[in-house]
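Participant: Sharing a model prediction with you, sequence too.
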Amino acid sequence: MIYFLNYIPPHRNQVSDNLKRLYDFHLTVLKEQLQDIDYIGLTFDFWTSRRSVSFLFIHFSSFHERHTGFNISRSVKEKLESLGIYHKVVAITCDGGENLVSACSQLDGSIKRIWCCTHRLHLVVIDSLGFWNTENKIDNTPNNCLTTEITTTTTSSSNVISNNQQELMDTSLSDENET
């Protein structure tokens, strides 16, 4: 069919060379545009595909190392420095994963970490619906029979109401009931 249209596709080397030139051109343009910006806020998250390929979405690249705070902070810093914008970052929004919290704390001290509200809301909804119930087997009966206790897995960051707020709510509810 290609012969019928008198079309000769470019050679793979030509396509490869053109893609490299386009990449270099647009990377240069991006770096120039980023130089005009005074402050930058980032949002990043890790995602792992079903094939266990991990991605760090700050750069849309594969992340083949262990997801430790040190490895994440090193990778983020390298990518931001290569764009010449590391010193312009003022805040990073991410979830409350220990590795991301650790990574943010290992970056420049002037960079603030902001908890992603959407992640928090998700944790509250999932916890309230009981989707993360786990079964723990306890062997503390006198005749060593196994019993099952259902507990809900939560993180401390998903507790939206502090103890003081809960006490205030309880007090106001009891005041309403008395009247």
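Facilitator: Perfect, thanks for sending it.
Participant: can we go C-alpha only for contacts and neighbour counts from here?
Facilitator: Noted.
Participant: so where's the longest helix in this structure?
Facilitator: helix 12-35 (DSSP state H).
Participant: Mind exporting the C-alpha coordinates of that one to CSV?
Facilitator: Taking C-alpha atoms only, helix 12-35 is exported to CSV below (Å, rounded to 0.1, in the frame of the first residue of the first chain):
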residue,chain,number,x,y,z
ARG,A,12,14.7,4.8,11.7
ASN,A,13,18.0,6.6,12.2
GLN,A,14,16.5,9.8,10.7
VAL,A,15,13.5,9.5,13.0
SER,A,16,15.8,8.9,16.0
ASP,A,17,18.0,12.0,15.1
ASN,A,18,14.9,14.2,14.7
LEU,A,19,13.5,13.1,18.1
LYS,A,20,16.9,13.9,19.8
ARG,A,21,17.0,17.3,18.2
LEU,A,22,13.4,18.0,19.2
TYR,A,23,14.1,16.9,22.7
ASP,A,24,17.2,19.1,23.0
PHE,A,25,15.3,22.1,21.5
HIS,A,26,12.3,21.9,23.8
LEU,A,27,14.5,21.2,26.9
THR,A,28,16.4,24.4,26.2
VAL,A,29,13.1,26.3,25.7
LEU,A,30,11.8,24.9,29.0
LYS,A,31,14.9,25.8,30.9
GLU,A,32,14.7,29.4,29.6
GLN,A,33,11.1,29.7,30.5
LEU,A,34,11.7,28.4,34.0
GLN,A,35,14.4,31.0,34.6
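Participant: now for that helix, which elements pack on it?
Facilitator: Judged by 3 or more CA pairs under 8 Å, 6 or more residues apart in numbering; DSSP states H and E, helix 12-35 has no packing partners among the helices and strands.
Participant: Need the pLDDT of the residue nearest to G41 when sequence neighbours are not counted.
Facilitator: Nearest non-adjacent residue to G41, counting by CA to CA, 6 or more residues apart in numbering: A91, 4.8 Å away. You'll see A91 listed with a pLDDT of 93.
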